[in-house]
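K.L.:
Predicted model, plus sequence, below.
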Amino acid sequence: MQRQGCNEYRSLDKLLSGEFGKARPELEIPHVEDHADVVSRRGFMTALRHSGMAAVRPEWLPLVQMSPSYVSQRDVVLCIFMRGGTDGLSMCVPFGDSDYYRFRPTLAVPRPDSGDSRRCADLDGFFGLPPAMMPLLEAWTNGHLTFIQATGLMNTNRSHFDSMNFMESGKANDLTLATGWLGRHLLSSAPMTDGAMTRGLALSNSVPKSMSGGDRVTGVSNIANFGLPGSPEEQVQRQSMLGDLYSRMIDPAKTAALSSLRTIDLLKQINFANYQPAGGAVYTPDDDFAYAMKSSAALIKAQIGVEAIHVDIGDWDTHSEQGVHDGHLFQRMQVLSKGLQAFYRDMFAAGAPNLTVVVMSEFGRNIRENGSRGTDHGYGGCMMLMGAGIVGKKIHGNWPGLHEDQQFEEQDLKITVDYRDILSEIVSRRLGNGGNLGSIFPDFSPTFRGVVKPITGQSLA
């Protein structure tokens, strides 16, 4: 079976050469040794992506009609991962803690009552929103945004690789766990939409660890150009030949391949390139994160059964010249907040959708600024949640303080809220899968922090 799958995989390259012209090296399908990859839907989709494929609509597939809003019995979850270790003390400024200014003489954001043009906006009398994040003040004022301070994954280290791996898997210090928390959620829950061809979508070149092992999950880097190459006539020929080839195979390869071809067709019909946002939302042109947010909005409104979306936004590792006020970190926070503002206006224009946005990073930064006007790897960080179902306009978490005797290992913000407490509460109360928390977050007993409201009809358990 494995060898048959590999041979059939190679035959994709023949379909993309031969009568369609000489074989092109860039269209070669890599040899696949792993049996699971050969017969999986994700493996088939990966092969199509390697070939640069894009699609046309077959006669059996109806056109997708955009909906002005999204309504469901459960939330769609959009997970945004800020890779690089984000400085949560700059994103959600603890101006009420005097030690913040003592340890950061040049990087601290001024108090809201300072009169300084670079001052933060007062959120709750203790924490503030920096100028770079001001686009999010609208969602905060409407009660649709919250921050969780002093959060992260307890009992891990300051390594980017390890911390991202453990956070996305949902278990600390276990390199043997191959699946992710979001993937296990999808695998252990019934689809929100019967017959959905795609339940989880990562807007990236590959499926991230958080979605690994999920049911009907794929990764697409450029969703508007995802499909078969060539002229419309060649696309039809290729699709027909691929469909004929895999319809004669045995399962699970047959089902995986045909489902993948249908997914390509379905995504093509959403017409991402010409999507028109609602609510006066403006997604910044030539901005990868804004493009991902725009694509996410279009995908959710199309209501094709996607329940989970993953988006990466990187470059948060600020060891030198951090630039809180007008430099690198300021620009990254601007990109994040403007993209989220456009997405918020777009999605909430027609009401409050069943949607939860989670923004997280692998760890925070050191409390003290270093000699290069940057901050080194830290421990405790900050999460953001956006949505109609969150308990918004409030800073959640237990602030430990920044004084020397309150620091973690005499340098970092302590973690007082395990990030899995937050995700567990979302999975249980917004995604309707509380009965499987033990498998989604192995060897962990969560404490719900009151960050989200239960969906109507659910209990608070």
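P.N.:
That came through, no problem.

K.L.:
C-alpha only now, for contacts and for neighbours.
P.N.:
Fine.

K.L.:
For the stretch 1-150 of the chain, which segments count as strands?
P.N.:
76-82, 121-122, 128-129, 145-152 (DSSP state E, counting those that start in this stretch).

K.L.:
Identify whichever of these lies nearest to Glu168.
P.N.:
strand 76-82 (9.4 Å; CA to CA).

K.L.:
residues touching Met347, list them.
P.N.:
By CA atoms under 8 Å, 6 or more residues apart in numbering, the contact list for Met347 reads Ser69, Ala278, Gly279, Ala297, Pro353.

K.L.:
Any chance of JSON lines for these, columns neighbour count and pLDDT?
P.N.:
Converted to JSON lines, the contacts of Met347 look like this (neighbours: other CA atoms under 10 Å; pLDDT from 0 to 100):
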{"residue": "Ser69", "neighbour count": "20", "pLDDT": "47"}
{"residue": "Ala278", "neighbour count": "19", "pLDDT": "96"}
{"residue": "Gly279", "neighbour count": "14", "pLDDT": "95"}
{"residue": "Ala297", "neighbour count": "22", "pLDDT": "95"}
{"residue": "Pro353", "neighbour count": "20", "pLDDT": "88"}
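
K.L.:
With secondary structure and distance to Glu410 added, can I get these in TSV?
P.N.:
Below are these laid out as TSV (DSSP: H, G, I helix; E, B strand; the rest coil; distance: CA to CA, whole Å):
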residue	secondary structure	distance to Glu410
Ser69	coil	49
Ala278	coil	48
Gly279	coil	47
Ala297	helix	43
Pro353	coil	43
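
K.L.:
So which of those residues is the closest to Pro110?
P.N.:
For the contacts of Met347, the nearest to Pro110 is Gly279 (32.7 Å; CA to CA).

K.L.:
Can you give me the neighbour number for the closest residue in space to the closest one that isn't next to it in sequence?
P.N.:
Of all residues not flanking Gly279 in the chain, Ala349 sits nearest, at 4.7 Å (CA to CA, 6 or more residues apart in numbering). Using other CA atoms under 10 Å, Ala349 has 17 other residues around it.

K.L.:
repeat for Asp99
P.N.:
Neighbours of Asp99 using other CA under 10 Å come to 16.

K.L.:
what about it, distance to Thr151?
P.N.:
Asp99 sits 19 Å away from Thr151, taking CA to CA, to the nearest Å as the criterion.

K.L.:
Likewise for Ile80?
P.N.:
Counting by CA to CA, the separation of Ile80 from Thr151 is 16 Å.

K.L.:
Which residue of the two possesses the greater neighbour count?
P.N.:
Thr151 (31 against 20).

K.L.:
What pLDDT is listed against the more buried one?
P.N.:
Here the pLDDT value assigned to Thr151 is 98.

K.L.:
rewinding a little: right, and out of the contacts of Met347, which lies closest to Leu137?
P.N.:
Nearest member of the contacts of Met347 to Leu137, counting by CA to CA, is Gly279, at 16.3 Å.

K.L.:
My guess is the closest one contacts Asp346. True?
P.N.:
Yes. Using CA atoms under 8 Å, Gly279 is in contact with Asp346, at 5.2 Å.

K.L.:
just checking, next helix/strand downstream of the top helix by length along the chain?
P.N.:
Secondary structure of the chain per DSSP state H: the longest helix is helix 328-348. Going down the chain from helix 328-348, the next helix or strand is strand 355-361, by DSSP states H and E.
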